[in-house]
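[1] Pasted the sequence and its predicted model underneath.
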Amino acid sequence: MDIAHLKSWIGRTEVEHDRADEGRIAGFAALLDHDAPPWEAGEAPPLSHWLWFHTHARQSELGPDGHPRRGGFLPPVELPRRMWAGSRIRFLAPVPIGNAIRRVSTIRNVEAKSGKSGAMIFVTVSHEIFANGTCAVIDEHDIVYREAPKPGSAAPPVAPDARPSDFRRTIHPDPVLLFRYSALTFNGHRIHYDRDYCREVEGYPGLVVHGPLIATLLMDHFLRARPGTRVARFAFRAQRPLFDIAPFDLCLAETAKGAEIWARNQAGEVAVTSVLETA
């Protein structure tokens, strides 16, 4: 890979327009199994900004993984695996439901790394979401591109998580949950619905639970414990994937500023960590 060529994408900007429509918020509440959602009425809930600004690539413009072909706004990284590694988000102002919204996206960094799984490329994109002329949300989004798995390779086991939690909930992921989130976010990535592709091409044991869906469930876990609380900051980082073949736990420990919230798999290994600060 020509990292210098990929770094030439740094600074590229893209502007998109959408509307914070009530229908997608209703779908979001249904996905999270709420009759009476624990967020402020009339406002878009935290992390619902991922429901908008879809890339409407034509069918002929999709790559073999179901995503739009590489290049264009994002750099043309040739590594086959692509996943959402994490985000750092600031909630600056409410987004009223029904309002026109605008997103300004900028490539902030492109970095090559290597790890136990081989070569990796990290791309950081800053998204600024505006409503009523005010910047309401800033989301620094990390995308990781990785090599294909080597035959017989598996993530090394880690010590089970033994931290105490104030509030715990078990999630039983299934293909319907994953499909509904993919539909809400117009996400065609085949790792979330095509079991044969997951196993035979990308080497996963089952369908992969979306990183932003796990982050959304962590946020929802906090709001179930503290309904109506305004969130100022939220950061999450994916450490290992979760699959639809086993349940996983959402755990919450309150802090002076808000909470630490994490997801752990059936073996007790931490999969996603997050830190939340209240307003």
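    Right, received. Where do you want to start? Residues are numbered from 1 along each chain as shown.
[2] What pLDDT does the model give Arg90?
    For Arg90, the pLDDT comes out at 98.
[3] give me the beta-bridge partners of it?
    Judged by DSSP bridges, the bridge partners of Arg90 are Ile138, Arg233.
[4] cool, the one 10 residues further on as well?
    Ala100 has the following beta-bridge partners by DSSP bridges: Arg19.
[5] Offset the numbering so it begins at 19, please.
    With 19 as the first residue, the last one maps to Ala118.
[6] That one reaches His35, doesn't it?
    Yes - between Ala118 and His35 a contact is recorded at 6.9 Å, counting by Cβ atoms under 8 Å. Placement of C-beta: from N, CA and C, glycine included.
[7] Strands of the stretch 119-268 of the chain, start to end?
    136-149, 152-164, 185-189, 249-256, 266-272 (DSSP state E, counting those that start in this stretch).
[8] Ok, which of those strands comes nearest Gly206?
    Closest approach to Gly206 among those is made by strand 152-164 (15.8 Å; Cβ to Cβ).
[9] Flag the shaky bits of the stretch 19-168 of the chain, pLDDT-wise.
    168 (pLDDT under 70).
[10] Test my guess that Arg42 contacts Leu69.
    Yes - with contact defined as Cβ under 8 Å, Arg42 reaches Leu69; the gap is 4.7 Å.
[11] ok so, going back, same list, the strands of the stretch 119-268 of the chain, but as TSV with distance to Asp51 and mean neighbour count please.
    Listed next are the strands of the stretch 119-268 of the chain as TSV, based on distance: least, Cβ to Cβ, whole Å; neighbours: other Cβ atoms under 10 Å:
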stretch	distance to Asp51	mean neighbour count
strand 136-149	26	19
strand 152-164	24	19
strand 185-189	10	14
strand 249-256	20	20
strand 266-272	13	19
